[in-house]
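Q: please find the sequence and the predicted model below.
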Amino acid sequence: MYHNKLQKISIAAVLLIASQLACQTLLPNTAPTVPPTPSVVPTVVTTSTVVLPIPTTVPTELPQFSDDEIKGGIQATLDQYAQAYNDNKPDLLDQVVDQENKPFRRIVRSRFDEFQDSYQAGSFDDQFTLLDITRRDDGFVLAHFENDGGYEAVWPFRFQNGNWVISEPTVEQMGKPATKETDHFIFTYYPWADDVNPRIMELMENARQNVQKVLGKVPDEKANVEIMPGYGLHPFEAMNAIASYYQGTTPAEDKIRIYSPNSFAYSFYDSGLGWEGELEQTLTHEYTHMTHTRSFNKAGRSADWMSEGLAEYVSGAKENSYWACDATRSGTFIPILDESGKVYKQDLMHMYGLDKNFGLSYDFATSVVEFTVQKFGGLDGFWKLAQALDQTSDFKQAVQKAFGITYDQYNSQWQAWLRKKC
C-alpha cells in the first residue's frame, strides 16, 4: 500500500519512525531501557488532515531581527542539521543544538546516535525547507518545515551565541501545569502547548474508541494523560519515544505521556496525515497497551513482540510492512527467536534488549501479529497463542499447543508470507 509512496525515504521518515511509535510499557519506578525508532510507516486513518495551528501566545519581541533574517538563520541551521545526519558529524550537530539545555541536548544526541547505528545510516542525502515561523514568548520561534519526502515538523528555535539553535522551553517556561477530568481520562497539560492541548484531548478520546472497536472492550478506569511540551519535564526517561504507557500499581494509577506536536521531542509527521492523524495512531497504540494489560491480563507478557505488535495492529499499522520488507531486502532480518546461543537475545521475543534497529523491530512485530491473525483464526488465534505462551513459558511449545504445528513450520510460514507481501 505504501511501497510507491515511500520510494524516496529520508532521514525525516526514519526519525518519524524513530520516535512516533516507539514506546514501552513501563512498570512503576522502573528505569526504562533506551530503545527508540519505531519502524513502522503509518497507515492512513480516517481523520482530518490539519496544519498545526498557529499559537495564540503573545510573541516576545525580537526587534533586532526581521522575519526574513530569522528565516535565513533557521534555514542555515536546518541545512547544518541535515548535513550532520547525512555525513554522521556529531560535532556539526552540537553547533545547531541548544548546549545550555542539558536534558534537551541529551535527547537530540540520543536520536542521532540511534539513527547512525541503524541499517539506514549513510543511505540518505536529505534536506529541509523552512515553510513559516511563529514568534513565541521568551525569545523562541516555532519553525514549521518540511523535507522533500513528504514529512513536516514544528520545532522551537532560539538565538544563542550568534546562531539560531534547535531548542525547547525550560520547565519554568512551559508554565504551571493544570488538570482537566473527562469521562475517561484525567489530563495534565501546560500553557506552552495551549494551542494544541484541546485537540490532543479529543484525539485521546478517539483513541479509546478505536481500541474498543477492534478489541471489543477497554478498561473502566480512567488513565492519567500528561501532554508534555518538552523532554525536560521527565529528563531521565526514554529519549526515543514520543509517547509511553506506564503501568501503575493499580489501574487508576496508569499513565500515558505524550509530547505535543510543536516540540522537537515529537519529531516529524507525514504531511498526508497531518499531525492529528499521526497522533491519533500513536495514542491508539498507547491505549492498546493499557487495554492489553487491564482488560486482557497482558496475555503473552513474556513476548515483547506480542505487546508492541498488537498495539501497532490495533492502531492501524497492520497494512504496512514496508520497513520489514526494505530491511529484509537489504539483508537485515530480526527473527522471532534468536537461536544463536547468545546470552542477550537479538530477536522479537526480546525487542527491548536489541542492540540496534529497535524501531525496525516494530514493523517485524506487526507483521507477525498480522500473519497470525490472517492465518490462524483472527484475533482469537492471536489470543490463543498468547494464552498458550503464558501456560507453557516456551514459545515453541505454545505454537504447538495453540495451532498444532511446530515452531519451525510457523516461522517458515511467516517468513514466506512476509516475502510474498514484499
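A: All right, it came through fine. Numbers count the residues shown, from 1 in each chain.
Q: looking at the chain, which helix or strand is least sure?
A: Ranking every helix and strand in the chain by mean pLDDT, DSSP states H and E puts strand 25-26 at the bottom, with a mean of 44.
Q: buried ones in stretch 68-80?
A: Under the neighbour-count criterion of 16 or more other Cβ atoms under 10 Å, stretch 68-80 has 70-71, 73-75, 77-78, 80 buried. C-betas here are computed from N, CA, C, even on glycine.
Q: against which helices or strands is the helix or strand residue 310 falls within packed?
A: Using DSSP states H and E, residue 310 maps to helix 304-315. Applying 3 or more Cβ pairs under 8 Å, 6 or more residues apart in numbering; DSSP states H and E, we find helix 304-315 packed against helix 197-215, helix 274-295, helix 358-375, helix 379-392.
Q: right, and the helix or strand after the strand or helix carrying residue 108?
A: Assigned by DSSP H and E, residue 108 belongs to helix 102-116. Elements were assigned by DSSP H and E; along the chain past helix 102-116, the next helix or strand is strand 128-135.
Q: what pLDDT does the model give residue 32?
A: At residue 32, the model reports a pLDDT of 32.
Q: same deal with the one 4 residues further on?
A: Note on residue 36: pLDDT of 32.
Q: one more: residue 297?
A: 96.
Q: next, it: secondary structure please.
A: coil (DSSP: H, G, I helix; E, B strand; the rest coil).
Q: just residue 224 next, same as before
A: Following three-state DSSP, we place residue 224 in the strand state.
Q: please name the bridge partners of it.
A: Under DSSP bridges, the beta-bridge partners of residue 224 are residue 186, residue 255.
Q: what about it, how many residues nearby?
A: 19 (other Cβ atoms under 10 Å).
Q: wait, residue 414 touches residue 337, no?
A: No - with contact defined as Cβ atoms under 8 Å, residue 414 and residue 337 do not form a contacting pair (11.5 Å).
Q: returning to that earlier point: nearest to residue 279, of the buried residues of stretch 68-80?
A: Residue 279 has its nearest neighbour among the buried residues of stretch 68-80 in residue 78, at 22.9 Å by Cβ to Cβ.
Q: chain neighbours aside, what residue packs nearest to that closest one?
A: residue 128 (4.2 Å; Cβ to Cβ, 6 or more residues apart in numbering).
Q: any idea what that neighbour is bridged to?
A: Beta bridges link residue 128 to residue 147, judged by DSSP bridges.
Q: separation between it and residue 86?
A: The gap separating residue 128 from residue 86 is 11 Å, by Cβ to Cβ, to the nearest Å.
Q: same thing with residue 370?
A: 33 Å.
Q: which one's more surrounded, these two?
A: residue 370 (23 against 17).
Q: and the gap between that one and residue 382?
A: Residue 370 is 10 Å from residue 382, by Cβ to Cβ.
Q: and for residue 148?
A: 39 Å.
Q: who's more crowded, these two?
A: residue 382 (24 against 12).
Q: so what strands line up beside whichever strand in the chain runs longest?
A: Looking across the chain with DSSP state E, the single longest strand is strand 151-160. Under the criterion DSSP bridges, strand 151-160 sits next to strand 140-147 (antiparallel), strand 163-166 (antiparallel), strand 269-270 (antiparallel) in its sheet.
Q: which one of these is the most hemmed in?
A: strand 269-270 (a mean of 26; mean count of other Cβ atoms under 10 Å).
Q: residue ranges with poor pLDDT in the stretch 201-350 of the chain?
A: 318-320 (pLDDT under 70).
Q: tally of neighbours for residue 305?
A: 25.
Q: quick check: it touching residue 348?
A: Yes - assessed by Cβ under 8 Å, residue 305 is found in contact with residue 348 at 3.8 Å.
Q: now the common contact residues for those two.
A: Shared contacts of residue 305 and residue 348 (Cβ atoms under 8 Å, 6 or more residues apart in numbering): 336, 361, 364-365, 368.
Q: least confident pick among the residues you listed?
A: Confidence-wise, residue 361 trails the rest of these, at 92.
Q: my guess is it contacts residue 335. True?
A: No - if you go by Cβ under 8 Å, residue 361 and residue 335 don't touch, sitting 10.5 Å apart.
Q: okay, and the common contacts of those two?
A: Common neighbours of residue 361 and residue 335 (Cβ under 8 Å, 6+ apart) are residue 348.
Q: quick one: which of those two has more around it?
A: Neighbour count, other Cβ under 10 Å: between residue 361 and residue 335, residue 361 has more, with 31 against 16.
Q: the least confident helix or strand of the chain: what's the following helix or strand?
A: helix 67-87.
Q: and the contacts of that next one?
A: With Cβ under 8 Å, 6+ apart, helix 67-87 has contacts from 11, 62, 65, 89-90, 92-93, 95-96, 112, 115-116, 124-130, 133, 141, 143, 145, 157, 159, 163-166.
Q: how about stretch 203-217?
A: By Cβ under 8 Å, 6+ apart, stretch 203-217 touches 47, 182, 184-185, 187, 218, 225, 256, 276, 279-280, 283-284, 286-288, 291, 295-296, 313-316, 379.
Q: what about residue 402, how many neighbours?
A: The burial count for residue 402: 23, using other Cβ under 10 Å.
Q: ok, now which ones touch it?
A: Residue 402 touches 376, 381, 384-385, 387-388, counting by Cβ under 8 Å, 6+ apart.
Q: so for the host helix or strand of it, mean pLDDT?
A: According to DSSP H and E, residue 402 maps onto helix 395-403. Mean pLDDT, helix 395-403: 98.
Q: got the buried residues for it?
A: For helix 395-403, burial by neighbour count (16+ other Cβ under 10 Å) applies to 395, 398-403.
Q: between that helix and helix 379-392, how big is the angle?
A: Taking axes from the mean of the first three to the mean of the last three Cα atoms, to 10 degrees, one finds helix 395-403 and helix 379-392 inclined to each other by 130 degrees.
Q: and residue 239, which of the three is it?
A: Residue 239 is classified as coil under three-state DSSP.
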